[in-house]
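>>> Structure of the sequence below:
(one chain, ligands or ions: 1)
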Amino acid sequence: MGYVGLATSVCLANAGYRVIGVDIDSGKIQRISSGNSPIHETGVEDLLVKSLMSGCFSASTNIGAAVNDSDITFVCVGTPSNSDGSINLEYIQAAVTEIARAIKEKTDYHLVVIKSTVVPGTTSLRLLPLIENISEKSFGLDFGFCFNPEFLREGSAVSDTLNPDAIVIGSDDERSSAILLELYRGFYGGRLPFILVTSPANAEFVKYSVNSFRAMQLSFLNSLATLCENVPGTDIAEVTKGLSAIAKIDQRYLRSGLGFGGSCFPKDLRALIAAFLEKGMEPALMKSILLVNENLPNHVLEIVRNRLGDLEGKVISILGLTFKAGTDDVRESVGVKIAGQLISAGASVRVYDPKGMENARRILGDKVEYSRSSSSCLESSECCIIATEWDEFKSISPSEFRRLMRIPLVIDGRRVLSYNIFEAGEVSLIQLGRYNSGRQASLEKRSEHLRIGLQLKRA
Ligand code: UDX
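Predicted structure coming up:
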């Protein structure tokens, strides 16, 4: 019952399918059963309440009973990274083992559908044999098995479930894929999207290719953006307008800035890198995508240092701790990473996020000061870094920054502020990806200082 399992469940239940949502975390099941979503995910709680009331949805910790009382099981458990970047199959294997035990006891046919992200080959070589061995039943005859990747973005999991770009089904068994297709045909009716039925390994590959391609697009833009910052007259936001119109690229992945985080892109890239290395191949491109992304927090710190010098004791505010707006998830969040780096540099860090404070506290502990609002976060600070594109940050005016901050230096890492209204010079605004003459002037001033310092030393 993570965001994929819960969003999929309530969407199906709301369309009249009977769904049992299973999780080993009894606290989560209790919460869900009383109509409270354990995650901040647009639309999920509304659909959850409706489907509980209609009787189409129930939640349980009992995998065996759920398998017995249903026709299809979707496996949506996490596959986190191991220390070498490969994926940890511990949780998915545990879930599949329980499902196989239930299939052993069940007399009717049951279809198992893996939605969790796994590297090519995993479902056929690791998970299917596990079910066959434990259930002592025959694949294709007693039970079916498919890989069906999800492409749900956190924050828009419900609308992505209702309007997917495509449905990808990987199976070596026609009966299995036919049953899953029948479910989707019924669910989507006349709005059935593009469907690809292919081998399990191809379907697994599609999932990794989509996420790494999107990550590549972002690192490409973010890389160009750093060059724009040093080329007079350029702005990556304008460049991407032309680029997307001509190269026809996905509009949803065009915002350059502080880079990508979250539970998928970084993890999937690391898994892909590990898969290349396992085959004795050099994953040069995949490594570069990650490297560009991982350097972005350093890039921001360099900008802050260029302006403020030594960061020891400097008060710095960070607005935004979630890895993107619309979620309370702080996994691989750039805001949290920057906070960590600023703390190491001796700065006094103050943070605020509309939804991610509780989760960020688990990582940052008492090393930062937590503010109740963006205004209190900005008070007396010497620099503000906007790390997440929350709407409420868009409306902070230049005069508010000026009034609250000791030094009104704002680094807009997500391009949320309207540059034109900041031009008056009240606030020193640096937007990633835009040539900034003010910043350039300060860089020039700094190198001038260094030059004079060097001459004095020589003398
Ligand atoms: C992603 C995939 O899109 C989804 O298919 C998969 O199942 C899970 O991983 P998600 O992690 O929720 O979804 O986030 P997504 O909206 O794809 O954004 C990923 C990261 O890229 C975020 O950190 C986001 O801030 C960043 N991003 C996205 C940008 O920096 N610019 C953009 O234009 C879009």
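>>> who's in contact with the residue in the chain positioned nearest to the ligand?
Going by CB to the nearest ligand atom, the ligand is nearest to Cys264 of the chain, at 2.8 Å. C-betas here are computed from N, CA, C, even on glycine. Shown in contact with Cys264 (CB atoms under 8 Å, 6 or more residues apart in numbering): 117, 211.
>>> try it again with 7 Å
Listed by CB atoms under 7 Å, 6 or more residues apart in numbering, the contact partners of Cys264 are Asn211.
>>> Show me which residues of stretch 66-86 are buried.
Neighbour-count burial for stretch 66-86, with 16 or more other CB atoms under 10 Å as criterion, is recorded at 66-67, 70, 72-77, 79, 81, 85-86.
>>> can you check stretch 271-290 too?
Applying a neighbour-count criterion of 16+ other CB under 10 Å, one finds 271-275, 277, 283, 286-287, 289-290 buried in stretch 271-290.
>>> related to what we said a few turns ago, now do the same for the residue of the chain closest to the ligand: its pLDDT.
Cys264 carries a pLDDT value of 95.
>>> Going forward, count from 13.
Right, with 13 as the first residue, what we last looked at is Cys276.
>>> residues contacting the nearest residue to Phe159 once chain neighbours are set aside?
By the measure of CB to CB, 6 or more residues apart in numbering, the closest residue to Phe159 outside its immediate chain neighbours is Gly182, 3.9 Å from it. Contacts for Gly182 were tallied using CB under 7 Å, 6+ apart; they are 158-159, 210-212, 214-216.
>>> Narrow those residues to those that are buried.
Buried among those by 16+ other CB under 10 Å: 158-159, 210, 212, 215-216.
>>> returning to what we had before: and the furthest pair within the contacts of Gly182?
By the measure CB to CB, Cys158 and Asn214 form the most distant pair in those, at 12.5 Å.
>>> Can you redo the contacts of Gly182 as JSON lines, where the extra columns are distance to the ligand, pLDDT and secondary structure?
Shown next, in JSON lines, are those (distance: CB to the nearest ligand atom, whole Å; pLDDT from 0 to 100; DSSP: H, G, I helix; E, B strand; the rest coil):
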{"residue": "Cys158", "distance to the ligand": "17", "pLDDT": "98", "secondary structure": "strand"}
{"residue": "Phe159", "distance to the ligand": "14", "pLDDT": "98", "secondary structure": "strand"}
{"residue": "Thr210", "distance to the ligand": "18", "pLDDT": "98", "secondary structure": "strand"}
{"residue": "Ser211", "distance to the ligand": "20", "pLDDT": "98", "secondary structure": "coil"}
{"residue": "Pro212", "distance to the ligand": "18", "pLDDT": "98", "secondary structure": "helix"}
{"residue": "Asn214", "distance to the ligand": "17", "pLDDT": "98", "secondary structure": "helix"}
{"residue": "Ala215", "distance to the ligand": "14", "pLDDT": "98", "secondary structure": "helix"}
{"residue": "Glu216", "distance to the ligand": "13", "pLDDT": "98", "secondary structure": "helix"}
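>>> and the end-to-end length of stretch 261-276?
Stretch 261-276 stretches 20 Å from its first residue to its last (CA to CA, to the nearest Å).
>>> And stretch 379-397, by the same measure?
Start-to-end span of stretch 379-397 (CA to CA) is 17 Å.
>>> Residue numbers of the stretch 13-162 of the chain in contact with the ligand?
Taking CB under 6 Å from any ligand atom as the contact definition, the stretch 13-162 of the chain meets the ligand at Glu162.
>>> at 8 Å instead, please
With CB under 8 Å from any ligand atom as the criterion, the stretch 13-162 of the chain meets the ligand at residues 16, 129, 161-162.
>>> Looking at these, which one is closest to Ile442?
Thr129 (36.1 Å).
>>> which residues sit in contact with the closest one?
With contacts defined as CB under 7 Å, 6+ apart, Thr129 is in contact with 91, 161, 219, 280.
>>> what do you get for Thr210?
Gly182.
>>> how about a cut-off of 8 Å?
180-182, 218.
>>> Go ahead and flag the most central residue of the protein.
Gly274 (2.7 Å; CA atoms, centre = their mean).
>>> wait, is that residue part of a helix?
No - the assignment for Gly274 (DSSP: H, G, I helix; E, B strand; the rest coil) gives coil, which keeps it out of a helix.
>>> ok, for it, nearest residue in space, not its chain neighbours?
The shortest distance from Gly274 to any non-neighbouring residue, by CB to CB, 6+ apart, is to Phe335 (4.3 Å).
>>> what do you get for Val304?
Closest to Val304 by CB to CB, 6+ apart is Ser231, at 4.0 Å.
>>> And the helices in the stretch 13-162 of the chain, which stretches?
In the stretch 13-162 of the chain, the helices defined using DSSP state H, counting those that start in this stretch lie at 15-26, 38-45, 56-66, 75-80, 102-117, 134, 140-147.
>>> And the longest one, what's buried?
For helix 102-117, the buried set under the neighbour-count rule, 16+ other CB under 10 Å, comprises 104, 107-116.
>>> Where does the prediction get shaky in the protein?
Along the chain, segments meeting pLDDT under 70 span 436, 449-471.
>>> distance of Pro410 from Thr238?
Applying CB to CB, to the nearest Å, the value for Pro410 to Thr238 is 25 Å.
>>> Which residue of the two possesses the greater neighbour count?
Pro410 (19 against 16; other CB atoms under 10 Å).
>>> Just the buried residues of stretch 283-302: which are in helices?
Residues of the buried residues of stretch 283-302 located in helices (DSSP state H): 283-287, 289, 298-299, 301-302.
>>> what would these look like in TSV with distance to the ligand?
Converted to TSV, these look like this (distance: CB to the nearest ligand atom, whole Å):
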residue	distance to the ligand
Ala283	13
Leu284	14
Ile285	17
Ala286	18
Ala287	18
Leu289	22
Met298	16
Lys299	18
Ile301	12
Leu302	13
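>>> ok, for Val380, nearest residue in space, not its chain neighbours?
Val361 (4.4 Å).
>>> The stretch of helix or strand that neighbour belongs to: partners in the sheet, and parallel or antiparallel?
Per DSSP states H and E, Val361 falls inside strand 360-364. Looking at strand 360-364 with DSSP bridges, its partner strands are strand 327-331 (parallel), strand 381-382 (parallel).
>>> quick revisit: list the residues that contact the residue nearest to Val380.
Contacts for Val361 (CB under 8 Å, 6+ apart) come out as 328-330, 351, 354-355, 379-381.
>>> cool, Thr54 as well?
By CB under 8 Å, 6+ apart, the contact list for Thr54 reads 167-171, 338.
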